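Peer 1: sequence plus the predicted model coming up.
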Amino acid sequence: MKYLLTLLLISCAISCNALRLPGQQDGKHPENPPDKSNPFTNIIKSPLHFNLRSKTIGGKQFWTDLRIQDGWRIQQNILTAHYRLLDPKEIRHEWGTLKKCEATFKRFIDAGHIRPYKKRVIILLHGIVRTRGSMDSMDKYLRGRIAGSVLNMAYASTRNTLEHHAEALHRVLANIPTECDISFVCHSMGNLVVRRFFHRWQDPRITRVVMLAPPNQGSALGTMFHDYQLFEAVWGISGQEITAGFGALKTKLAVPPCEFGIIAGVYSSKILQNKLLEGANDLVVTVEETKLPGARDFRTVAATHTRIMANPEVHRLTYLFLQRGYFETATTRTPLK
């Protein structure tokens with residue numbers, strides 16, 4: 001397997017054209033001693049390592065963003081631990097070590113290809129078993145209405161713990177200038193990632209959070225099926241944490257120390273409904289499971305769990321909360337005490 005992987009990477013390298021950055025000199029990268037404990041690392045640090053400009057071919061469930069700016073992102077692979085630098089069109093401009101990716105990132109900034117952050121930053125976080133593509137419609141809606149930087153963060157939601165996801169979020173935040181005002185819009189488990197972050201770190205730049213269908217009180221539906229092998233395979237480590245392991249997890253989930261609002265989905269029809277859940281629900285999470293005391297405002301909308309972030313009414317309400325700190329008006333808001 002080791003030699004097959006080596007041949008595959010060499011073949012890919014030969015078939016592509018090497019990238020020349022503005023002002024970059026020809027020459028070889030400094031050689032690093034190979035790490036015998038990881039065959040993939042040996043390739044990265046050997047003279048066989050090429051820096052190539054190429055289109056990514058998927059596998060988004062295995063990559064986590066560590067830095068995002070103007071649509072460019074440095075990601076780490078959860079399986080191999082190597083890094084890559086992607087542009088807004090998901091063209092890979094660098095891969096290998098974090099140091100190499102950061103150096104190339106800086107050269108693009110210095111050349112004017114990556115614009116600085118705007119004063120206002122909105123970070124979008126998708127849910128479990130999803131990718132950042134699930135937040136694209138929200139991304140587009142907010143970009144068209146808010147004069148700020150919208151960062152649609154990717155993370156390997158099923159392949160690691162909430163602790164690791166929160167650490168990745170911390171690293172993304174560390175690269176944002178201190179003078180920026182930061183808000184979050186999160187779907188499903190993405191809300192628990194933010195709450196896990198707040199348990200470890202305080203960041204006064206974060207002023208508002210919009211929670212979409214958050215399993216703030218766990219997931220009864222997930223708990224029913226957590227022992228099934230298919231559930232474990234699909235939902236992974238984080239899935240176990242937010243279901244059977246939620247009793248231990250909830251002690252490490254902080255209430256956001258800033259203004260936050262919750263939008264819960266309610267869906268039921270003659271054709272499609274979930275009779276396994278008691279009370280109003282979005283087919284996955286009940287309305288009661290979304291609630292969290294301290295919320296500045298609370299709303300329900302007619303939407304399913306998997307599509308709530310693409311709902312036009314949710315887009316509108318999210319925008320209003322980010323702008324004002326409530327979904328409609330100050331007098332009609334519904335706080336959760």
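Peer 2: It's in.

Peer 1: His315 and Lys119, how far apart?
Peer 2: The gap separating His315 from Lys119 is 23 Å, by CB to CB, to the nearest Å. Yep, even glycine has a C-beta here, placed from its N, CA and C like the rest.

Peer 1: quick one: which of the two has more around it?
Peer 2: The residue with more neighbours, out of His315 and Lys119, is His315; 18 against 12, by other CB atoms under 10 Å.

Peer 1: in space, what's closest to that one - neighbours in sequence excluded?
Peer 2: Distances taken as CB to CB, 6 or more residues apart in numbering put Tyr141 closest to His315, at 4.4 Å, once the chain neighbours are dropped.

Peer 1: counting contacts, what elements does whichever helix or strand the one you found is part of pack onto?
Peer 2: Per DSSP states H and E, Tyr141 falls inside helix 136-143. If you count contacts as 3 or more CB pairs under 8 Å, 6 or more residues apart in numbering; DSSP states H and E, helix 136-143 packs onto strand 120-125, strand 149-153, helix 312-324.

Peer 1: for Ser54, find the nearest of the ones you listed.
Peer 2: strand 149-153 (21.7 Å; CB to CB).

Peer 1: run the angle between the closest one and helix 136-143 for me.
Peer 2: 170 degrees (axes from the mean of the first three to the mean of the last three CA atoms, to 10 degrees).

Peer 1: what's strand 149-153 in contact with?
Peer 2: Here strand 149-153 makes contact (CB atoms under 8 Å, 6 or more residues apart in numbering) with 65, 68-70, 117-118, 120-126, 132, 135-136, 139, 142-143, 169, 172.

Peer 1: buried ones only from those residues, please, as a PyMOL command.
Peer 2: Buried residues among the contacts of strand 149-153 (16 or more other CB atoms under 10 Å), as a PyMOL selection:
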select buried, resi 65+68+69+70+117+118+120+121+122+123+124+125+126+132+135+139+142+169+172
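
Peer 1: average pLDDT for stretch 129-147?
Peer 2: Mean pLDDT, computed over stretch 129-147, is 96.

Peer 1: between the two ends of it, what distance do you get?
Peer 2: One end of stretch 129-147 sits 30 Å from the other (CA to CA, to the nearest Å).

Peer 1: got it, and stretch 128-137?
Peer 2: Stretch 128-137 has its terminal residues 18 Å apart, counting by CA to CA.

Peer 1: ok, now stretch 282-294?
Peer 2: 22 Å.

Peer 1: buried residues, that stretch. List them.
Peer 2: 282-287, 289-292.

Peer 1: next step: the residues you listed restricted to helices.
Peer 2: Among the buried residues of stretch 282-294, the residues falling in helices (DSSP state H) are 287, 289-290.
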